[in-house]
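A.B. asks: Structure for the following, please:
(chains A and B)
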Amino acid sequence: MSDISASNQSYEANMGDYFALLKPRVMSLVVFTALVGLLVSPVPVHPFIGFVAILCIAVGAGASGALNMWWDADIDARMKRTAGRPIPSGRVEPGEALGIGLALSGFAIVLLALATNVLAAFLLAFTIFFYAVVYSMWLKRATPQNIVIGGAAGAFPPMIGWAVATGSISIESVLMFALIFMWTPPHFWALALFVKSDYGNAGVPMLTETHGRDATRKHVIIYTLLLVPVAIGLGFTSIGGPVYLAVAAVMNAWFLKGAVDIWRRTDADCEADKHRVEIKVFKVSLYYLFAHFGALLVEAALRLYGIGGWS
Amino acid sequence: MTLHVEHELHTRRKGRNYGLGLILAGFIAIIFGLTVVKVLQLGDAAQFEKFDHVARPQIIPEEGASE
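C.D. replies: Residues are numbered from 1 along each chain as shown, chains lettered A, B, ... in the order given. Below is the predicted model of the structure:
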């Protein structure tokens, strides 16, 4: 042997494969909600510090995605939707994903603490722990309510954004958290009702499979009913205002009507129109979240000109 | 029996190396930017001059002067 060779490896992971570990699509929602949490707060933040804070939150969320992919590689390999992910497809070694997840978590948390404050960094650390350990390692394979409690991980970013600016937790940030937390179950179950999943093959309990589709429809309406007061209530806090309240009234009526429509349907109806209503409600749920957080941003922008909010 | 300076490993990992280089450069830029912003936010230069362990008569408050 006259040379050092590493050619026995058939595939060398590139940057794109490592980036895919960070779940970029989830990250985009995290960035948007965290940015809103930061911008609507009453305390101004230097633009560069705000940028670094959002970057840390995005990287922290990505790191928890990498840890999730490391832990769930066995499940991912058995499901069509996830079989192409970097680890099950053999492009990235599990150990690499673990290393990247842990290293990025550490960097994101420490940098956020140094750039902003310890509370924001603590909340980010807790979010990563919640997603990687509480959701991925514990709840996901244990209970069909996994999505309910696991949804909290996705609900923390606006609270972190708020803590970056104010250094505190308040009713506004708690309600922004609660809005995403209560929105996640009906959003996800509307999807579960029309997507043919193979969670069953992978041993992951999903409500549609453990309790049936009728029970899932009931859960959608119950959680939507619980969501409405949270969304409306946020409008009466210091970050709400007439614009937000108008948007919330329309979006909640729209979403609630969709949930009622789903609740009234049977499997035969779904088969007959190929899940037309469920697909529509799922889309509405996406507009719903975007519209609420967008309206909060509008209120914050109007406040700059002295016309936003309730004052 | 020689080690090539330009090994095929280098070309194969070129993208990764450039990517990592960019990330490190970005990290340095962030730390530098944060330092500049944090120091400038102190406003009064005397606040950070105090910590260089050197006697600086100009930052000692004058007698009778109000803070």
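
A.B. asks: just for the chain, where's the confidence low?
C.D. replies: Just so you know, I chose chain A. Along chain A, the model assigns pLDDT under 70 to residues A:1-10.

A.B. asks: Not quite, go with chain B.
C.D. replies: B:1-5, B:8, B:45-56, B:58-59, B:63-67.

A.B. asks: Helix, strand, or coil at the residue in chain B positioned nearest to chain A?
C.D. replies: Chain A sits closest to residue B:19 of chain B, with a gap of 3.7 Å, by Cβ to the nearest Cβ. Backbone N, C-alpha and C define where each C-beta goes, glycine included. Following DSSP: H, G, I helix; E, B strand; the rest coil, we place residue B:19 in the helix state.

A.B. asks: Pretty sure it sits against residue A:17.
C.D. replies: No - contact criterion Cβ atoms under 8 Å: residue B:19 and residue A:17 do not qualify, at 10.7 Å.

A.B. asks: So if I had to pick from these two, which one is more boxed in?
C.D. replies: residue A:17 (19 against 16; other Cβ atoms under 10 Å in any protein chain shown).

A.B. asks: Tell me how far that one lies from residue A:283.
C.D. replies: 31 Å (Cβ to Cβ, to the nearest Å).

A.B. asks: ok, back up a step: how about the residue of chain B closest to chain A, what does it touch?
C.D. replies: Taking Cβ atoms under 8 Å, 6 or more residues apart in numbering or on different chains, we find residue B:19 in contact with A:14, A:15, A:18.

A.B. asks: Find the helix or strand that the last one is a member of.
C.D. replies: Looking back up the chat, that one is residue A:18. For residue A:18, the enclosing helix or strand under DSSP states H and E is helix A:15-20.

A.B. asks: Run the chain-centre distance for that helix.
C.D. replies: 20 Å (Cα atoms, centre = their mean, to the nearest Å).

A.B. asks: Run through the neighbouring helices and strands of it.
C.D. replies: Identification of packing neighbours for helix A:15-20 by 3 or more Cβ pairs under 8 Å, 6 or more residues apart in numbering or on different chains; DSSP states H and E yields helix B:14-41.

A.B. asks: picking that back up, can you point out the buried residues in the next helix or strand after the helix holding residue A:18?
C.D. replies: On the C-terminal side of helix A:15-20, the closest following helix or strand by DSSP H and E is helix A:24-39. Neighbour counts over helix A:24-39 (16 or more other Cβ atoms under 10 Å in any protein chain shown) mark A:26-27, A:29-39 as buried.

A.B. asks: from those, which two are the most distant?
C.D. replies: Farthest apart among the buried residues of helix A:24-39 by Cβ to Cβ are A:26 and A:39. That separation is 20.6 Å.

A.B. asks: now the residue in chain A that chain B sits nearest to: how far from residue A:132?
C.D. replies: Per Cβ to the nearest Cβ, residue A:15 is where chain A lies closest to chain B, at 3.7 Å. Distance of residue A:15 to residue A:132, computed by Cβ to Cβ: 23 Å.

A.B. asks: So for the two, which sits in the more crowded spot?
C.D. replies: Of the pair residue A:15 and residue A:132, residue A:132 is the one with more neighbours under other Cβ under 10 Å, namely 22 against 15.

A.B. asks: ok, for that one, nearest residue in space, not its chain neighbours?
C.D. replies: Spatial nearest neighbour of residue A:132, excluding adjacent residues (Cβ to Cβ, 6 or more residues apart in numbering or on different chains): residue A:67 at 3.9 Å.

A.B. asks: what number of residues lie near that neighbour?
C.D. replies: Neighbour tally, residue A:67, other Cβ under 10 Å: 25.
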